[in-house]
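Enquirer: With the input below, show me the fold.
(chains A, B and C)
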Amino acid sequence: MAAKAPAPATRHIVSINDLSDHDIESIFEIAQAYLERFPDPNFPYRIRRSTNLASDFILASLFYEPSTRTRLSFESAMLRLGGDVITSADPLTSSAAKGESLADSVRVVGNYADVIVIRHPRDGAARLAAEYSPIPIINGGDGSHEHPTQTLCDIFTLKRKKKNLKRLKVAIAGDLKGSRTIHSFVYALARLGAHIVPMPAPGMELPAHVDRRLREEFHCTFGRQGSIGALYMTPEEPHQPALFAEPDFEFEYKRSGEKIAAVYVTRFQKERWAEKDQSYPKIDAKFLRESKYSQASVLHPLPRVGELDVSFDSDARAVYFEQAAYGVPIRMALISLMLGLEGKSFETFQGGFQKARWPLYDQPLGLGMRCCNPNCIVHDAMEGPYVRNKFHVVSIGDSVMLRCMYCENDVDRFVVASKKGKWYSADAGLLAKASTQKLKDFVFYQNDSDALDNGYHSRKPAAA
Amino acid sequence: MAAKAPAPATRHIVSINDLSDHDIESIFEIAQAYLERFPDPNFPYRIRRSTNLASDFILASLFYEPSTRTRLSFESAMLRLGGDVITSADPLTSSAAKGESLADSVRVVGNYADVIVIRHPRDGAARLAAEYSPIPIINGGDGSHEHPTQTLCDIFTLKRKKKNLKRLKVAIAGDLKGSRTIHSFVYALARLGAHIVPMPAPGMELPAHVDRRLREEFHCTFGRQGSIGALYMTPEEPHQPALFAEPDFEFEYKRSGEKIAAVYVTRFQKERWAEKDQSYPKIDAKFLRESKYSQASVLHPLPRVGELDVSFDSDARAVYFEQAAYGVPIRMALISLMLGLEGKSFETFQGGFQKARWPLYDQPLGLGMRCCNPNCIVHDAMEGPYVRNKFHVVSIGDSVMLRCMYCENDVDRFVVASKKGKWYSADAGLLAKASTQKLKDFVFYQNDSDALDNGYHSRKPAAA
Amino acid sequence: MAAKAPAPATRHIVSINDLSDHDIESIFEIAQAYLERFPDPNFPYRIRRSTNLASDFILASLFYEPSTRTRLSFESAMLRLGGDVITSADPLTSSAAKGESLADSVRVVGNYADVIVIRHPRDGAARLAAEYSPIPIINGGDGSHEHPTQTLCDIFTLKRKKKNLKRLKVAIAGDLKGSRTIHSFVYALARLGAHIVPMPAPGMELPAHVDRRLREEFHCTFGRQGSIGALYMTPEEPHQPALFAEPDFEFEYKRSGEKIAAVYVTRFQKERWAEKDQSYPKIDAKFLRESKYSQASVLHPLPRVGELDVSFDSDARAVYFEQAAYGVPIRMALISLMLGLEGKSFETFQGGFQKARWPLYDQPLGLGMRCCNPNCIVHDAMEGPYVRNKFHVVSIGDSVMLRCMYCENDVDRFVVASKKGKWYSADAGLLAKASTQKLKDFVFYQNDSDALDNGYHSRKPAAA
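Expert: From the prediction side, this is the model:
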């Protein structure tokens, strides 16, 4: 039996932004230490050997979507730490097949294990799970929302290749819209001061809410988005919004000679799109022969399905299998911190998350508008009794938006109705300084007609 | 490596009635000891930490039907004991997909593990498995038959809330017909002297054979069955069979003021019914507001799919998540006893089960009648070569019934044919004192015409 | 934590012929030692207890086809050794569902584990996996190709019953064409000097390439193949090829009185045949009552689906459940050797395999002919970028054949084209002494017209 088990505070990792910069540093330090402690003579990025640090603990894998990499690397990490694993990898053979909600499932499995990794096809599912789970939840990918532990592997790989990411140009190519790995990744890049160069497949630009959040909250400058000609965003630099004046990357490269430090390729997320045979760019040795890519590390979260040519695998710039290998030490480090195995631990946050900067609107599902993202977990019929209409009220400058607490999609057009006054208004500005407490007095609707249908009258006539 | 492994005698747990009262006490004592030895400061009903008691042992999960709770809690229990687990959770990826019988599968897997938990859609499958397995079989749910380890969790939960169950009124609500958890549960309640108050959904009364067994073998008094107005059964009390005179519970409560001690809710077992959208009662805070429920613990084996309102979860009477949590210590205790890990062990029964009180009729599948329950394992084509027509011949008072050895459904109309005399008779009374040995001389048929078709003649004319 | 982990050289087991006779002896010695070290008092062929020899190691099960026996016995073996297991048992819930190639999957999983067992529906898949995996690959069955670890269990069982297999007559019955277990088994029998007596189901004779390889490379004499009347092959004996003069087994038995030492029965591999309701012989007690079978051990790799009668199970000659049980000690021994746990280890072969005796032709997939076996892994669209046209050029006597490096099917009709000379020729004899280096100058086509279409001209006119 192992040493006395500590009693770590519950802490959930749903978004990369649930981890502070210091947390990320701790994870990388511990991962590095594991790599040095259990070196494989043939593969410096592989873990060999196992410890018994986690011998008192069980990890539960709850996967509602296919996975090999994420699930097996989490399980390998837990086993290398000396812990045990219980797995539900197929929703058709779990109680989900009988119609059980995710909220109930995590409350039950929370009694059988010490930490849960969850993957789910709905955006925001991991946040819902964290609301109900008695033990820490790690998001192993929720719909198109986020995949924070993949990002930890990605950034760790980049840092081993490039040391400091500050001002490095990192191109992100492919399905920027449907890929949850991209969404976690760009937030991390922005926080680390890297310059993001989007190279979306046609019609697969970064979602508007991610784009805006990068600009407004992470202070990125944005280039023109386009499917041809990579454009770029620069975090923490003065914003020059002249629409056509923003230089594209080609222009910039010719001017400054600054090369692309990394290209991050993603596959077409066919399971998130209705149309299946969209044209999709292929990155190959020829593409990467251009001088601006001469020092670019090429990353891919894998699996790939044709968008990254196999013949490039032997190129020294191809680091995607190394990146996959880091899944084990990185996840070992994360689990160590979550379970308090290495003396170090995360900061303790009440409720499991760092407190959001924004006040929270919270009404029953039947009252007012729901999140507008049709894939958000709030629209899953099985979860109906467990979710509420929860929005962070985000005020930046003059604009006020609603950010779904689960899937983090933004709503920028809505009307505010006063429960007491029975009026409604399209002027979201009146929420600008409302506290969470004050927000209890309001209900949000998508538009005038919804508010009218629910018995509210327009504010102006009432005030008149 | 752990201490010397004991050599426990094979003992199977297919029905709750395979466990003596003393066995159940032992399980509860050991479960209680585990809870005290590995307390979770935040959740008194959760196990934290692991032992290495079972480090020499492997549990095999063979699940032919979906499961989360049962499988994961068994696996968690084995891992917390320091043992290992092998899992086959999906019949489509196991040798069952190639057409292998359950009987062969357990004979093979019996060489890979030390104890097997089995779940199967057919009634009586676990008993068949136990007939062939070289190692102990635990029934993790077989069709609509039984789910004995769920009942152990249920009774353990009740005892922690109510101490002594003697004469307590326990309501059972919902699908009393298709729910295997109910069937194991009512036998246990009857044995512990609780009063059962059935509240079936329309058309989902307790199966006739369970009802009769409760009355005749467990000495319950039965109220009128009905979908509206809960009626009750009283074990071990004088039987007053006047059909319309039996008081219903409402009447009883008004008279005596005795409250309901617990309400056990079950979901609609949609996988066991042809019609899928049957109306089904919903139990919610309003329902439970009546004074007779004011001290009722509310239990549910989970998953729930709407029949138990989520808003009730925060009520102090809601104990279903605690009940789910006990899955780990209870199953740890059961495994401990079966593997002889804690010094204590079960009684040893020849053949793995306590000897039935009734003689056994045993003929090849091709000879005479089969069990009349169409979902019984004897009707599974793959198991054809492995099953036989096996019935316990149950004599109570003047009546003689056949109880299928696998699924425990009763047959009360049949004819008895004499192999030697070549006659048959509808008078089952002639079996009243027949020994297992004597039964070899007889063959049973469903009716006269089957007996005639097989070359038997009616006894009377022959005697005439 | 366990003792210092050795660094075993990568060694793959794809075919039974990847194991030297000495390797097989080592496996059997270690398996025997485990059986003696951890005896089960009730079952002398079962392993009880566990060690901690492999506590630093992880086995990955990658199963793309259904399995119970192979997967669970490998996992049980690894757990009995004290190691850990990660499992992907359902292609529908793995990254294969997203379209990931096997080659990529093993490269990734190779970072999460220390040894991989793979099962796949395509012939040659395990060899492809071994080409890409950074860690040892064990073939757990690839299409109709081979299943070498099953053969180890089969031979181990036979040796415990019959000691020396030299000149013993071993009948193989049923689907000799589609059964991979048969293919590995006959090579092993031939190497051990046993006499093979084929008893194929109608139309299910040994594949031509296996038949020929047994004759020409393992020096077997072959009887007439037929569905009625078992015929036989004799390894290492003078070849008397007079077509109708070869005695059939009946005749032989009447003459010599030599009995059948073992009958190896296989099921109809319905997943490998388009027609599903083919007639298939059934082996039962009556069949085995003939005097020539009076001392025959009856083996079956299981599962069975009717071809071996259940009523025979209690016969002392039935050893198939014992055979299944040896899956654990045999696989423990194999893993021990592969991971270097017991001091002993396999020979080290560069590239993971014993060097083939034949030179290797190796061209890109787009150039020249592909393997003619439609189920070969080279025809799997997902693997397209990862496979090449690779053939061993097998010269025996005057004939030259191409043996696919993946699935080991032979091509005996093809034309040889010279890249430099731009001519082609049907005279394969010109390859008879070509080295692997020299083969780079050639391209193979299926026939004249393919060569012509690709711009080659017939050699003769060119020379004329």
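Enquirer: okay, now A:Tyr386: neighbour count?
Expert: 20 (other CB atoms under 10 Å in any protein chain shown). (Glycine included, C-beta is placed from N, CA and C.)
Enquirer: How about A:Gly421?
Expert: The burial count for A:Gly421: 15, using other CB under 10 Å.
Enquirer: Repeat that for the one 4 residues further on.
Expert: Other residues within reach of A:Ser425, judged by other CB under 10 Å, total 22.
Enquirer: tell me the phi and psi of the residue nearest to it when sequence neighbours are not counted?
Expert: Using CB to CB, 6 or more residues apart in numbering or on different chains and skipping residues adjacent in sequence, the residue nearest A:Ser425 is A:Arg459, 4.3 Å away. Dihedral pair for A:Arg459: phi -70, psi -40, per degrees, to the nearest 10.
Enquirer: pLDDT value on A:Arg459, please?
Expert: Listed pLDDT for A:Arg459 reads 86.
Enquirer: doesn't A:Tyr424 make contact with it?
Expert: Yes. Under the criterion of CB atoms under 8 Å, A:Arg459 is in contact with A:Tyr424, at a separation of 6.4 Å.
Enquirer: Please report how far the residue nearest to A:Ser425 lies from chain B.
Expert: According to CB to the nearest CB, to the nearest Å, A:Arg459 and chain B sit 33 Å apart.
Enquirer: Now do the same contact list for that residue.
Expert: A:418, A:421, A:423-425, A:427 (CB atoms under 8 Å, 6 or more residues apart in numbering or on different chains).
Enquirer: in stretch A:254-265, what's buried?
Expert: A:260-265 (16 or more other CB atoms under 10 Å in any protein chain shown).
Enquirer: again with stretch A:99-108
Expert: A:100-108.
Enquirer: same deal with stretch A:43-62?
Expert: Quick answer for stretch A:43-62 (16+ other CB under 10 Å): A:43, A:45-51, A:53-62.
Enquirer: Can you name the residue of the stretch 301-450 of chain A nearest chain B?
Expert: With CB to the nearest CB, the shortest gap between the stretch 301-450 of chain A and chain B falls at A:Pro385, namely 3.8 Å.
Enquirer: So that residue belongs to a helix, correct?
Expert: Yes. The assignment for A:Pro385 by DSSP: H, G, I helix; E, B strand; the rest coil puts it in a helix.
Enquirer: so how many other residues sit close to the spatially closest residue to it that is not a sequence neighbour?
Expert: Nearest non-adjacent residue to A:Pro385, counting by CB to CB, 6+ apart: B:Val310, 3.8 Å away. The local packing of B:Val310 (other CB under 10 Å) involves 16 other residues.
Enquirer: same deal with the one 3 residues further on?
Expert: By the measure other CB under 10 Å, the count of residues near B:Asp313 is 18.
Enquirer: Give me the pLDDT value at it.
Expert: 97.
Enquirer: same check, this time on the one 10 residues further on
Expert: Predicted confidence (pLDDT) at B:Gln323: the value is 97.
Enquirer: And for A:Phe268?
Expert: 85.
Enquirer: Any part of stretch A:82-99 near chain C?
Expert: Yes. Among the residues of stretch A:82-99, A:85, A:87, A:89-90 lie within reach of chain C under CB under 8 Å from any CB of the partner chain.
Enquirer: So which of these are in strands?
Expert: With strands taken from DSSP state E, the overlap with those comprises A:85, A:87.
Enquirer: buried subset of the residues of stretch A:82-99 next to chain C?
Expert: A:85, A:87, A:89-90.
Enquirer: Is it possible to get JSON lines of those residues that adds pLDDT and distance to A:Ala188?
Expert: Putting those into JSON lines (pLDDT from 0 to 100; distance: CB to CB, whole Å) gives the following:
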{"residue": "A:Val85", "pLDDT": "98", "distance to A:Ala188": "27"}
{"residue": "A:Thr87", "pLDDT": "96", "distance to A:Ala188": "28"}
{"residue": "A:Ala89", "pLDDT": "89", "distance to A:Ala188": "27"}
{"residue": "A:Asp90", "pLDDT": "83", "distance to A:Ala188": "31"}
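Enquirer: how far away is the residue in the stretch 351-464 of chain A positioned nearest to chain C from C:Pro374?
Expert: Closest contact between the stretch 351-464 of chain A and chain C, by CB to the nearest CB, is at A:Asn375 (17.7 Å). Separation of A:Asn375 from C:Pro374 (CB to CB, to the nearest Å) stands at 40 Å.
Enquirer: So which of these two has more stuff around it?
Expert: A:Asn375 (20 against 10).
Enquirer: which non-adjacent residue is nearest A:Arg304?
Expert: Closest to A:Arg304 by CB to CB, 6+ apart is A:Arg267, at 5.6 Å.
Enquirer: Low-confidence stretches in chain A?
Expert: A:1-9, A:221-253, A:255, A:274-278, A:461-464 (pLDDT under 70).
Enquirer: ok, which stretches of it are helices?
Expert: A:21-37, A:69-80, A:102-109, A:125-132, A:148-162, A:180-191, A:208-216, A:249-256, A:320-325, A:327-339, A:436-439, A:448-453, A:459-463 (DSSP state H).
Enquirer: The nearest residue to A:His120 once chain neighbours are set aside: how many residues sit nearby?
Expert: Excluding the flanking residues, the one nearest A:His120 by CB to CB, 6+ apart is A:Tyr64, at 4.5 Å. When neighbours are defined as other CB under 10 Å, A:Tyr64 has 23 of them.
Enquirer: wait, A:Tyr64 sits on A:Arg119?
Expert: Yes. Under the criterion of CB under 8 Å, A:Tyr64 makes contact with A:Arg119 at 6.1 Å.
Enquirer: hang on, the earlier thing: from the contacts of A:Arg459, pick the one nearest C:Ile24.
Expert: A:Tyr424 (81.9 Å; CB to CB).
Enquirer: neighbours of that closest one, just the number please.
Expert: Per other CB under 10 Å, the neighbour tally for A:Tyr424 reads 27.
Enquirer: Tell me who's in contact with it.
Expert: Contacts of A:Tyr424 (CB under 8 Å, 6+ apart): A:415-418, A:445, A:448, A:451-452, A:456-459.
Enquirer: Buried only: go through these for me.
Expert: The buried subset of the contacts of A:Tyr424 - by 16+ other CB under 10 Å - is A:415-418, A:445, A:451, A:456, A:458-459.
Enquirer: what two of the residues you listed have the greatest distance between them?
Expert: Top of the distance list for the buried ones among the contacts of A:Tyr424 (CB to CB): A:Tyr445 and A:Arg459, 13.0 Å.
Enquirer: Can you list the neighbours in contact with stretch A:281-292?
Expert: So stretch A:281-292 is in contact with A:173-174, A:199, A:201, A:253, A:259-260, A:263, A:265, A:293, A:296, A:298, A:306-309, A:311-312, A:315, A:317, going by CB under 8 Å, 6+ apart.
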